[in-house]
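Engineer: How does the following fold in three dimensions:
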Amino acid sequence: MKLEFTKMQGAGNDYIYLDCRHGGLPAEAGQLAARLSRRRFSVGSDGLICIAPPLLADADATMVMFNADGSEGIMCGNGVRCVAEYLYTHGVEKDLIELDTRQAGRKTLYRVGTHQWRAGMGRFSTRAEDLPAVGLGAGPLLEVPLVAAGRPWQVSCISMGNPHCVVACREAPPVGEALALWGAALSQHPAFPRGTNVEFVRVESPSELTVTVWERGSGATLACGTGACAAVAAQVLTGRCPREKTVEVSLPGGRLGVQVLADDTVLLTGPAETVFSGTIVL
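Structural biologist: Down below sits the predicted model:
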């Protein structure tokens, strides 16, 4: 069996994209994601995203995403921009694209430049029930104490439709072995019964953050769009960054712009680029 795919990335967050608008989702899509995402042994990626027919008639398509371990994801801010870019270059040439998701509702994408899209990411939440989180109180879960990997942390827990644990750092955010150790320990902490994404954040100025990411289901990634949104939301709520202004988030794979509006809705702006297209024999 031959499978046609497109590899795309947003700020280094790379996924394999399948156009399923006519043929439907492949059987055992989660297993396929785990098989194809293995770096150096297959195509290699942070996961698999299927572009399916819209759930509602007024949408342009539906995004269905799977992490590199085969688990189904809820939302990917970089992935949703890449879906819009793919549609724009494959027959849906509009500057405003509406995308359905299976678990995170409708997302509206605005084309703001060549290979550049702004995504309306919806409202964030700091309530424990929305993550979910247990044993940390009901919320708002801002700079609450947590012990993981044998050391104490102050964490802010933000839901962007998917869960995030944001850790403020005085020094440079961890990378390499330290990121793997601490990221995995926080991601799998009993306080998060369904796991969580983890962002380590240093505030460089009120308009700029430096962030490293440990993603639930994928591990260390070069960027996370919803993670960038959660990182900025946490700094806005703790008074370190302003509302209504674009905060630039510097990640290992590139830069993303995030705005937190007065009603707690979040806008995410960044690149969406095709790396290559190909065919793999399964």
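
Engineer: contacts and neighbour counts: CA atoms only from here.
Structural biologist: OK.

Engineer: Residue 98 pairs with what?
Structural biologist: residue 108 (DSSP bridges).

Engineer: roughly how far apart are it and residue 265?
Structural biologist: Residue 98 sits 17 Å away from residue 265, going by Cα to Cα, to the nearest Å.

Engineer: Same question for residue 89.
Structural biologist: With Cα to Cα as the criterion, residue 89 and residue 265 are 28 Å apart.

Engineer: who's more crowded, these two?
Structural biologist: Set side by side, residue 89 and residue 265 show more neighbours around residue 265, with 17 against 11, by other Cα atoms under 10 Å.

Engineer: Which parts of the stretch 101-250 of the chain are strands?
Structural biologist: Assigned by DSSP state E, counting those that start in this stretch, the strands in the stretch 101-250 of the chain fall at 106-113, 116-123, 144-148, 151-159, 163-168, 197-205, 208-215, 219-221, 247-251.

Engineer: packing partners for the strand or helix carrying residue 274?
Structural biologist: Using DSSP states H and E, residue 274 maps to strand 273-281. Counting contacts by 3 or more Cα pairs under 8 Å, 6 or more residues apart in numbering; DSSP states H and E, strand 273-281 is packed against strand 2-10, helix 77-89.

Engineer: if you set the cut-off to 10 Å instead, what comes out?
Structural biologist: Packed against strand 273-281 by the contact rule (3 or more Cα pairs under 10 Å, 6 or more residues apart in numbering; DSSP states H and E) you find strand 2-10, strand 13-19, helix 77-89.

Engineer: tell me the angle it makes with helix 77-89.
Structural biologist: Interaxial angle of strand 273-281 relative to helix 77-89 (axes from the mean of the first three to the mean of the last three Cα atoms, to 10 degrees): 80 degrees.

Engineer: Who is residue 266 paired with across the strands?
Structural biologist: With DSSP bridges as the rule, residue 266 is bridged to residue 260.

Engineer: could you redo the strands of the stretch 101-250 of the chain as TSV and give each row mean neighbour count and mean pLDDT?
Structural biologist: Putting the strands of the stretch 101-250 of the chain into TSV (neighbours: other Cα atoms under 10 Å; pLDDT from 0 to 100) gives the following:
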stretch	mean neighbour count	mean pLDDT
strand 106-113	18	97
strand 116-123	21	97
strand 144-148	14	97
strand 151-159	21	97
strand 163-168	27	98
strand 197-205	24	98
strand 208-215	25	98
strand 219-221	19	97
strand 247-251	23	98
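
Engineer: any chance of those in TSV, plus distance to residue 16?
Structural biologist: TSV is the format used below for the strands of the stretch 101-250 of the chain (distance: least, Cα to Cα, whole Å):
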stretch	distance to residue 16
strand 106-113	20
strand 116-123	19
strand 144-148	33
strand 151-159	25
strand 163-168	23
strand 197-205	20
strand 208-215	17
strand 219-221	15
strand 247-251	21
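
Engineer: so which of these comes closest to residue 74?
Structural biologist: Proximity to residue 74 (Cα to Cα) singles out strand 163-168 among the strands of the stretch 101-250 of the chain, at 9.4 Å.

Engineer: Tell me how far the closest residue to residue 265 other than its chain neighbours lies from residue 104.
Structural biologist: Excluding its sequence neighbours, the residue lying closest to residue 265 (Cα to Cα, 6 or more residues apart in numbering) is residue 123, at 4.0 Å. For residue 123, the distance to residue 104 (Cα to Cα) stands at 11 Å.

Engineer: Check residue 49 too.
Structural biologist: Taken as Cα to Cα, the span from residue 49 to residue 104 is 14 Å.

Engineer: Which one's more surrounded, the two?
Structural biologist: residue 49 (29 against 17).

Engineer: need the contact list for the more buried one.
Structural biologist: By Cα atoms under 10 Å, 6 or more residues apart in numbering, the contact set of residue 49 is 6-8, 15-20, 29, 33, 63-67, 72-73, 76, 79-80, 82-83.

Engineer: Surely it forms part of a strand?
Structural biologist: Yes. Residue 49: assigned to a strand according to DSSP: H, G, I helix; E, B strand; the rest coil.
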